[in-house]
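K.L.:
Fold the following, please.
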Amino acid sequence: MQDIKESRKIINEVDEQMARLFEQRMQACEQIALYKKENGLSVRDSEREEQVVANNAKLIQNPALVPYYKDFIRSTMDVSCHYQASFMRKMRVAYCGTKGAFAHIAAKRMYPDAEYIAFSNFQDAYDATQKGDCDCSVLPLENSYAGEVGEVMDLIFSGDLHVNQVVDVAIAHNLIAKEGTQIEDIKIVVSHPQALAQCEEYIKKHGFETRAYSNTALAAKYVAEAQDASVAALASDETARIFSLSIVQSHVNDNPNNTTRFAAFSRAENVPVSIGKREDENFILAFTVQNESGALASALNIIGAHNFNMRTLRSRPMKDLQWNYYFYIEAEGNVRTENGRDMLQELSALCAKLKLVGSYFADNVR
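P.N.:
Next up, the predicted model:
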């Protein structure tokens, strides 16, 4: 058996080497944090982290040490992520609404250590990042019940920002009002048009009059400040807490599985990097084609011929050209491969305008 002093000497020597390597690692983490901040990315990516653990564990020759090494690597990544998060505290994230809005909830989920800057409309929230006043903007893409958010779709096509992250947020609308309000007291419900649409059957059942508001949280703020107990809002439970309102009835969505997809927009274009092939890679394209027979079909055939699976296809009218449309596509796969580059080149030859809006991994924020 080796002498304990000799063993401790070895540990001290290894610790000295590890200290130097730790500094190198954290310097690299700082650069990664700055990249994530510039590209509007979250600190954590749970799937990549597990890939790192699995790959590094293969380097351990003693099987008995593998589970301990996995714990060591996970702890090391936790330290790295905490360090990266310190840079994100300086990050400014734009969103539409006010505290408690679902966009605010999404922004906190993506960037838990950032500063959140509220704007009253999508355009201003988008422009804040485009002009450099904010590092990224969190805006809704679509709702599983009410469909796309048209104004954001138009910003995607007309603006210069890139989508680098997309997350799903479960939407639970609650009927909220002033303390002591009963459901029979309520005559008018205010909220965002999509929230009203998502609770249409509930509203009809109770015979409520509806009034559209620019945002669910701003609607709640209006109710809190109004001197009228007959007015209620549809909003999140977090919004109710923020504005000291009572939940008269919870989860009043017509569809209990209601979900909204939010995207993070930033000035820099992210190039997703993975250790191995991932099944959750996606990309977004926006394009126009000539107004002639078969033009759209030809574009779609190019995408299909390169074995990319389209998840979403939408058309939106172009504001400056009557009866002309642009198209929005989300597809699965890595567009940065040689196959993807070939597809983009073929589309460029066909499309009047082609924009790679973004590449991202599926929702791995935790």
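
K.L.:
Residue 21 belongs to a helix?
P.N.:
Yes: the assignment for residue 21 (DSSP: H, G, I helix; E, B strand; the rest coil) places it in a helix.

K.L.:
Extract the CA atoms of stretch 193-200 and return them as CSV.
P.N.:
Only the C-alpha atoms of stretch 193-200 are listed here, as CSV (Å, rounded to 0.1, in the frame of the first residue of the first chain):
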residue,chain,number,x,y,z
PRO,A,193,-57.4,39.1,-29.0
GLN,A,194,-55.7,35.7,-29.0
ALA,A,195,-56.5,35.1,-25.4
LEU,A,196,-60.1,35.9,-26.0
ALA,A,197,-60.2,33.5,-29.0
GLN,A,198,-58.6,30.8,-26.8
CYS,A,199,-61.4,31.2,-24.3
GLU,A,200,-64.2,31.7,-26.7
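
K.L.:
So residue 353 is in contact with residue 290, correct?
P.N.:
No: look at residue 353 against residue 290 with CB atoms under 8 Å: they stay out of range, at 10.7 Å. Where you see a C-beta, it was placed from the backbone N, CA and C, and this is true even at glycine.

K.L.:
And what about residue 287, helix, strand or coil?
P.N.:
Using three-state DSSP, the structure places residue 287 in strand.

K.L.:
and the gap between it and residue 267?
P.N.:
21 Å (CB to CB, to the nearest Å).

K.L.:
now residue 112
P.N.:
Computed as CB to CB, the residue 112 to residue 267 distance reads 22 Å.

K.L.:
The two: who's more crowded?
P.N.:
A side-by-side neighbour count of residue 112 and residue 267, using other CB atoms under 10 Å, places residue 267 first with 17 against 14.

K.L.:
got the domain boundaries for the chain?
P.N.:
4-88, 91-170+259-270, 174-252, 271-366 (automatic domain parsing).

K.L.:
Quickly compare those domains and say which is most buried.
P.N.:
Most buried of the domains of the chain, by mean neighbour count (mean count of other CB atoms under 10 Å): domain 91-170+259-270, with a mean of 21.

K.L.:
Flag the shaky bits of this protein, pLDDT-wise.
P.N.:
1-2, 88-89, 270-279, 363-366 (pLDDT under 70).

K.L.:
What segments of it are helices?
P.N.:
Here the chain has its helices, by DSSP state H, at 4-39, 46-57, 66-88, 102-110, 122-130, 150-158, 193-198, 200-206, 216-225, 237-242, 295-305, 338-350.

K.L.:
From the chain's centroid, how far away is the third one?
P.N.:
Using CA atoms, centre = their mean, to the nearest Å, the distance from the centre of helix 66-88 to the centre of the chain it belongs to is 23 Å.

K.L.:
helices or strands up against it?
P.N.:
Judged by 3 or more CB pairs under 8 Å, 6 or more residues apart in numbering; DSSP states H and E, the packing partners of helix 66-88 are helix 4-39, helix 46-57.

K.L.:
out of the helices of the chain, nearest to residue 176?
P.N.:
Checking the helices of the chain against residue 176 by CB to CB gives helix 237-242 as the closest, at 4.4 Å.
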